[in-house]
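Student: my questions are about this predicted structure, shown below with the sequence.
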Amino acid sequence: MHKILENEVFYQTAELLSTNEQLQYNIEQMKIKDTALTQSNAELEQTLENLKETQNELVKSQKLAALSSLVRGVSHKLNTPVGTSITTLSYLIQELRAFFVKVNEESESLKAYHEDMYDLVDTANLTMTNLMKTRDILDTLKDITSDAMTEKKHMFHLSRMMEENDIYNAG
């Protein structure tokens, strides 16, 4: 009977050792799979982060494109009347000066209008100066939006631009 018990213990021990080896193997396989899943999750998180960054850059690019389009449209709409006004004022100033010369040369009685003529020339010159400033501001805006689209840096001094164009006192 002792031999039967020894055989039974031997058989049970062998079975336990085999089951233990199988469990160890399964644990090792699970560790390998866990490592692969952890690595895969890290790669997915990085991919998600890259997608978010790309999405943000795309949104930024679309905003810049829309802003650039808006500024180009407004600049175009404003440049046409500003350019026409500059051209017509240039002609008006030229004609006023020619008229002023004639008044001085031809008649003593027309010299009474002398001061009025100076006022007209001064007004036309002031209007011309302001139109030129407006054109310069529009050109600067176009440059800035154009540079933003190409991601080129554009240096300008906002306070100097506002001061030069008397924007502080525009209200």
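Tutor: Structure received. Residues are numbered from 1 along each chain as shown.

Student: neighbours of residue 113, just the number please.
Tutor: Here the count is done by other Cβ atoms under 10 Å, and residue 113 has 14 residues near it. C-betas here are computed from N, CA, C, even on glycine.

Student: what packs against the lengthiest helix in the chain?
Tutor: The longest helix of the chain (DSSP state H) is helix 2-106. Judged by 3 or more Cβ pairs under 8 Å, 6 or more residues apart in numbering; DSSP states H and E, the packing partners of helix 2-106 are helix 114-149.

Student: and the helix it packs on with helix 2-106, angle?
Tutor: Interaxial angle of helix 114-149 relative to helix 2-106 (axes from the mean of the first three to the mean of the last three Cα atoms, to 10 degrees): 160 degrees.

Student: avg pLDDT for helix 114-149?
Tutor: When pLDDT is averaged over helix 114-149, the result is 78.

Student: give me the number of residues near the nearest residue to residue 99 once chain neighbours are set aside?
Tutor: Leaving out its chain neighbours, the residue that sits closest to residue 99 by Cβ to Cβ, 6 or more residues apart in numbering is residue 117, at 7.2 Å. By the criterion of other Cβ under 10 Å, residue 117 has 17 neighbours.

Student: now do residue 138
Tutor: 18.

Student: residues touching the closest residue to it other than its chain neighbours, list them.
Tutor: Counting by Cβ to Cβ, 6+ apart, the nearest residue to residue 138 once its immediate chain neighbours are dropped is residue 75, at 4.7 Å. Taking Cβ atoms under 8 Å, 6 or more residues apart in numbering, we find residue 75 in contact with 138, 141, 142.

Student: now do residue 97
Tutor: Applying Cβ under 8 Å, 6+ apart, we find residue 97 in contact with residue 121.

Student: distance-wise, check it relative to residue 90.
Tutor: Counting by Cβ to Cβ, to the nearest Å, the gap from residue 97 to residue 90 is 11 Å.
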